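1. Build me a model:
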Amino acid sequence: MAVSKLSVSVPDWLEPIIRDAARRDGVTVSEFMADAVKSAIIAREAADRQAYEQAHGIDRRAQLEGAEEEFLADRTGRQGRVAGAA
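-> From the prediction side, this is the model:
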């Protein structure tokens, strides 16, 4: 995997906490920081998506439930046709 080197400044009090957390996880400080950043970005994107969906009246749970109902009905219909054809 290609990597890019960054220089990151953290408060003095945070540096030993980061090093200790990385050591406990059995990873390098770079791996620990990259994972922490990925987690923060994913959480922010999820919150942004949720806010967008709320603002635009999008109910993803209802959409998924509707799609599941359609899928199950279609599957039941197909099984009936296959059983009736035999």
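
2. Show the contacting residues for residue 58.
-> For residue 58, the contact set (CB atoms under 8 Å, 6 or more residues apart in numbering) comprises residue 52. No exception for glycine: its C-beta is placed from N, CA and C like everyone else's.

3. quick one: it from residue 73, how far?
-> Computed as CB to CB, to the nearest Å, the residue 58 to residue 73 distance reads 23 Å.

4. Same check on residue 15?
-> 58 Å.

5. again with residue 16
-> From residue 16 to residue 73 the distance is 58 Å (CB to CB).

6. next one: residue 53
-> 26 Å.

7. quick one: which of those two has more around it?
-> Legend: neighbour count by other CB atoms under 10 Å for residue 53 and residue 73, higher for residue 53 (14 against 10).

8. Next, the contact list for the more buried one, please.
-> 59, 60.

9. Now the helix or strand containing it: buried residues?
-> Taking DSSP states H and E as the definition, residue 53 sits inside helix 29-55. Using 16 or more other CB atoms under 10 Å as the test for burial, helix 29-55 gives 32, 33.

10. could you give me the average pLDDT of it?
-> What helix 29-55 shows for mean pLDDT is 96.

11. Which is the succeeding secondary structure element to that helix?
-> helix 60-85.

12. what residue is smack in the middle of the chain?
-> residue 42 (5.9 Å; CA atoms, centre = their mean).

13. ok now stretch 29-40, how far from the chain's centre?
-> 15 Å (CA atoms, centre = their mean, to the nearest Å).

14. next one: stretch 34-44
-> For stretch 34-44, the distance to the chain centre is 10 Å (CA atoms, centre = their mean).

15. just the CA coordinates of it, formatted as CSV?
-> What follows is stretch 34-44, C-alpha atoms only, in CSV (Å, rounded to 0.1, in the frame of the first residue of the first chain):
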residue,chain,number,x,y,z
ALA,A,34,-4.7,6.6,10.5
ASP,A,35,-7.4,4.4,12.1
ALA,A,36,-8.5,7.2,14.4
VAL,A,37,-8.8,9.6,11.4
LYS,A,38,-10.7,7.0,9.4
SER,A,39,-13.1,6.5,12.3
ALA,A,40,-13.6,10.2,12.7
ILE,A,41,-14.3,10.7,9.0
ILE,A,42,-16.8,7.8,8.9
ALA,A,43,-18.6,9.2,11.9
ARG,A,44,-18.8,12.7,10.4
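
16. Great, nothing more from me.
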